[in-house]
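J.: Take this sequence and fold it.
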Amino acid sequence: MFLRQLEPRTARTTSEVLNFALWPFAVMTVLHQVIVKATNFNITDDFGPVYKASLAFLNGRPIYAENFNLVDPHYLYPPSGTLLIAPLAIIDPDKSKWCFDGLNAVAILIAWYLLLKLFKLSIKSYAAPLLMLLMFSSETVINTLAFGNVNGCILLAEVAFIALLLARRELWAGAIMGLAIAVKPTIAPMLLIPLMRRQWKVFLPALGIPIALTAIALPLIKDPMDYLHRTLPYSMQARDYFNSSIPGTAAYWSLPSPLVWGIRIGMGVLVLISLWLLYRYYRNDELFFICTSSGILLLAEFLISGLGQQYYSMLLFPFLMTVVLRNSVLRNWPAWLAIFGFTTFDKWLLDHWQSVGRDIEYLRITFGWGLLLFVTFCVLGDRYLTARREGRLDSGIDPSFLLTDRNTATMPDAPRPQRTPAPDTTTATIAPADPDDEQPAAAPDEAGVLR
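T.: So this is what the prediction gives:
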């Protein structure tokens, strides 16, 4: 049956044309990123420090002895993460990185499939290859695989967490989030979502698993206190390289501290207002509420915290997928201008105008995240002000055209106008039947007409 799907045939509908055109691009892009990008040499190597730390852990040597005066990638994983990734050092470095990249690629593909299911998109529709192509063409996926980072697994954990929250599988959702936090605490703000939804059972495994893994790992690590005294303080600082957060950008351009704090506080206010509007008016629209809230929380983490890197944007995929929902806040061009800024693999460095090109290249991620957060706030705020002006806050703040469609869909059936049967011109010699016995002509089937 699967091989019959690969049989070449001519497309008959627009959907089939898009399917036949997009699937080869999507599959070959995936293969290129996994086989070429992930295995070729790259000047940035996130996996090297991870492998060295895992090897040191297995051999009882110090782990957290990094020289933070260098700009090379550093090992910043907490002890709980060290315990989980230690098996990577069982085999040689090259094979270990290939296995690690393969694991991340599989995790991204599973996340892709779960996103289709979450948003009720068929794998047979052209949305499936289009989503796969866009995901694997983005900077975040390309560099995650090229650098050897764990972001693909964290994305899968995030999408699974959302799916399990929606299914009310709270303990499983908490367990997956706990494992993700144990490796990469950047995802921790997602716990505010079950807090707002009062899904208290999530927190038992979500907090218990990292604590338990840390308790197990600390006696096994030769230098556990160096993590607390050296690595943790460094990871909370705003470094001035490879850092697109507001503090990191400000450190690079030597901006005054009051201005930086003003921007961070301003962005924090936008986040709080947006979350309040979502909670007040959309918490019963579960998929939209959870995915949009996750995007706002993670954008705040990337922008306001001390460290934000472009390939963190992979965690925004569930938020970006809300564009298929009719009440999405992303159905406007400024949102996609912002998304272009932090997802594309383009480089804006200019040979003839080096300072201008460098500024554009270094600022586009920060501006993209900030603009998307600002657009989300503006859309929700405009909906609220419009609904208040029209006196319909009690019925929600969705745009009026959505309310009209919803009311039309829920109206009781109205009397349908009678159809006048078309005259039969194929049998002119047959005498007309008695009007009392005449049956109304059947309406043509809509799907048949479209075919």
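J.: Any chance of the backbone angles for A238?
T.: phi -90, psi 100 (degrees, to the nearest 10).
J.: what's the neighbour count on it?
T.: For A238, the count of nearby residues is 18 (other CB atoms under 10 Å). Just so you know, the C-beta spots here come from the backbone N, C-alpha and C atoms, and that holds for glycine as well.
J.: just R198 next, same as before
T.: 8.
J.: do the one 3 residues further on as well
T.: One way to gauge burial is a neighbour count; for K201, by other CB under 10 Å, it gives 15.
J.: packing partners for whichever strand or helix holds M132?
T.: Per DSSP states H and E, M132 falls inside helix 127-137. Using 3 or more CB pairs under 8 Å, 6 or more residues apart in numbering; DSSP states H and E, the elements in contact with helix 127-137 are helix 14-31, helix 93-118.
J.: most tightly surrounded among those helices?
T.: helix 93-118 (a mean of 18; mean count of other CB atoms under 10 Å).
J.: And that helix, how far out from the chain middle?
T.: 15 Å (CA atoms, centre = their mean, to the nearest Å).
J.: If you count contacts, what does that helix end up packed against?
T.: Checking 3+ CB pairs under 8 Å, 6+ apart, helix 93-118 ends up next to helix 47-58, helix 127-137, helix 139-147, helix 151-166, helix 317-321.
J.: And the next helix or strand past the first one?
T.: Right, the one you point to is helix 47-58. Next along from helix 47-58, by DSSP H and E: helix 79-85.
J.: Let me know the average pLDDT across that next one.
T.: Model confidence over helix 79-85, given as mean pLDDT, is 94.
J.: so what pLDDT did E170 get?
T.: According to the model, E170 scores 96 on pLDDT.
J.: who's in contact with R239?
T.: By CB atoms under 8 Å, 6 or more residues apart in numbering, the contact set of R239 is G248, A251, G306, L307.
J.: So what touches stretch 45-59?
T.: 61-63, 66, 72-75, 77, 82-83, 85-90, 93, 96-97, 100, 147-150, 220-222.
J.: Is it possible to mark the buried ones in these?
T.: 63, 66, 73-75, 77, 82-83, 85-86, 88-89, 96-97, 100, 147-150, 221 (16 or more other CB atoms under 10 Å).
J.: Can you find the helix or strand in this structure with the smallest mean pLDDT?
T.: Among the helices and strands of the chain, helix 446-450 carries the lowest confidence by mean pLDDT, DSSP states H and E, at a mean of 35.
J.: And the residue positioned nearest the centre of the chain, how far from A182?
T.: For the chain, the residue nearest the mean C-alpha position is F317 (1.8 Å; CA atoms, centre = their mean). Separation of F317 from A182 (CB to CB, to the nearest Å): 22 Å.
J.: Check F340 too.
T.: In terms of CB to CB, F340 sits 33 Å off from A182.
J.: So which of these two has more stuff around it?
T.: The neighbour count for F340 versus A182, taken as other CB under 10 Å, is higher for A182 (24 against 13).
J.: so which strand or helix has that one?
T.: Here A182 is assigned to helix 170-183, by DSSP H and E.
J.: Next, the angle from that helix to helix 151-166.
T.: Between helix 170-183 and helix 151-166, the angle comes out at 160 degrees (axes from the mean of the first three to the mean of the last three CA atoms, to 10 degrees).
J.: Tell me the buried residues in whichever helix or strand comes after helix 170-183?
T.: Next helix or strand after helix 170-183 toward the C-terminus (DSSP H and E): helix 192-196. Within helix 192-196, the residues that qualify as buried are I193, P194, counting by 16+ other CB under 10 Å.
J.: mean confidence for stretch 236-255?
T.: On average, stretch 236-255 scores 90.
J.: show me what contacts the residue lying closest to L130 once chain neighbours are set aside?
T.: Spatial nearest neighbour of L130, excluding adjacent residues (CB to CB, 6 or more residues apart in numbering): L22 at 5.5 Å. Neighbouring residues of L22 by CB under 8 Å, 6+ apart: Y126, P129, L130, L133.
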